[in-house]
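S.K.: sequence below, structure please.
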Amino acid sequence: MIHSINPFLPIQTLIPPSANPANILETIGDTPLVALQRISQAYSFEMFAKMESFNPGGSIKDRTAHTILSTALREGKIKKGDIIIESSSGNMAIGLAQACLFYGLQLIVVVDPKLNKHTAKILETYGATIETVSKPEKNGGFLKSRLNRVAELLKENPNSYWTNQYENTLNPTTHHTTMSEIAEALQGEVAYVFVATSTCGTLMGCAEYIARNGLSTKIIAVDAIGSVLFAKDKKERLIPGHGAGVPSNFLELDSVHDVVHVSDEECIEGCWRLLKEEAILCGGSSGAIISAVDKYKMNIEKNSACALILCDRGERYLDTIYNEHWVKTHFPEMNLPHQSITI
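M.R.: Next comes the predicted model:
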């Protein structure tokens, strides 16, 4: 059941969609849409956060992982005991790890040195095997290196299957549901949706739903400075989870109304703003969304309803974004709030 919400009234407590899910994977989706009433006070429009951290694995990638694996099982492409292989910066890996454990599948996830320690511990606890590439490719960076290692592992391991979040059309298709939840919750009155980029599955899935249902909603892509998705000038980035070192196989520029580029510093600032003003602890791409809205505010009409897809939890960033020493080491000019989280 989708809960209708008047975008200009305080949101009441949401009733869970099902009191008795049959298993943990049935709790994926139907995440709450929360009014950012304190942050919104600085603007002439309303802001609503789609809280994907409420998924059982902690991110929006739970939706993608479950859709791809359950479909492959149903179609006989994989069976219990088979090996799943994927490249990931973190969230897709965790979504797959939980689903693989539930379905009796093995998982090898290819990561790079940017993977944070907290995510690595979660993956190990779920029983995933972690393969780390150490050097970025000259053209394509760490992502290209990870994909090259995936290709090698597929040859080395019989009965292996690549979920391929970068080309599998089930990635964007999954997010027709994500956008439908937002549209129904706001009774179709959604002026803008801000979506962080990576594979661009979420971005294009939302865009496809908007187009097919004749909505007037405008999609705003939030990309990292240094990403090649909407620009050619590649630059080293420290905050994982959004942006990409290689072009997206899904991105259709005509479906995107506009793009906002956000720096690592702005990601951090947005995360701390969410934490201090709304008591919401989210990951780097969510901070990017908050900063992107602020940068784009002059283009947003008064009294508009803006949906912000906040992709994951912030616990995985306690050693980086929410650690004052790490921030000061890498961004010495930044001024964080006086009260900070220490590890």
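S.K.: now name the helix or strand holding Ile84.
M.R.: Taking DSSP states H and E as the criterion, Ile84 maps to strand 83-87.
S.K.: to clarify, my last question referred to Lys295.
M.R.: Per DSSP H and E, Lys295 falls inside helix 284-296.
S.K.: direction included, what does the helix or strand just after that helix pair against?
M.R.: The C-terminal neighbour of helix 284-296 among helices and strands, as given by DSSP H and E, is strand 305-310. Sheet pairing for strand 305-310, assigned by DSSP bridges, gives strand 46-51 (parallel), strand 192-196 (parallel).
S.K.: what about strand 305-310, average pLDDT?
M.R.: In this model, strand 305-310 has an average pLDDT of 98.
S.K.: that one to helix 284-296, inter-axis angle?
M.R.: Using axes from the mean of the first three to the mean of the last three CA atoms, to 10 degrees, the inter-axis angle of strand 305-310 relative to helix 284-296 is 150 degrees.
S.K.: in this protein, which spans are strands?
M.R.: Here the chain has its strands, by DSSP state E, at 33-35, 46-51, 83-87, 106-111, 129-132, 160-162, 192-196, 218-224, 258-262, 305-310.
S.K.: nearest to Tyr317, of the ones you listed?
M.R.: Closest approach to Tyr317 among those (CB to CB): strand 305-310, 12.9 Å. Every C-beta, even on glycine, is put in place using the N, C-alpha and C of the backbone.
S.K.: which positions within the closest one qualify as buried?
M.R.: For strand 305-310, burial by neighbour count (16 or more other CB atoms under 10 Å) applies to 305-310.
S.K.: from the chain's centroid, how far away is it?
M.R.: Relative to the centre of its chain, strand 305-310 is centred 13 Å away, using CA atoms, centre = their mean, to the nearest Å.
S.K.: do stretch 261-269 as well
M.R.: Centre to centre, stretch against its chain (CA atoms, centre = their mean), the figure for stretch 261-269 is 16 Å.
S.K.: what of stretch 208-228?
M.R.: Here the centre of stretch 208-228 is set off from its chain's centre by 14 Å, with CA atoms, centre = their mean.
S.K.: average pLDDT for it, rounded please.
M.R.: Across stretch 208-228, the average pLDDT comes to 96.
S.K.: for stretch 270-282, same thing?
M.R.: 96.
S.K.: the strand holding Ile84 vs strand 106-111, what angle?
M.R.: Orientation check (the same axes, to 10 degrees): strand 83-87 against strand 106-111 gives 10 degrees.
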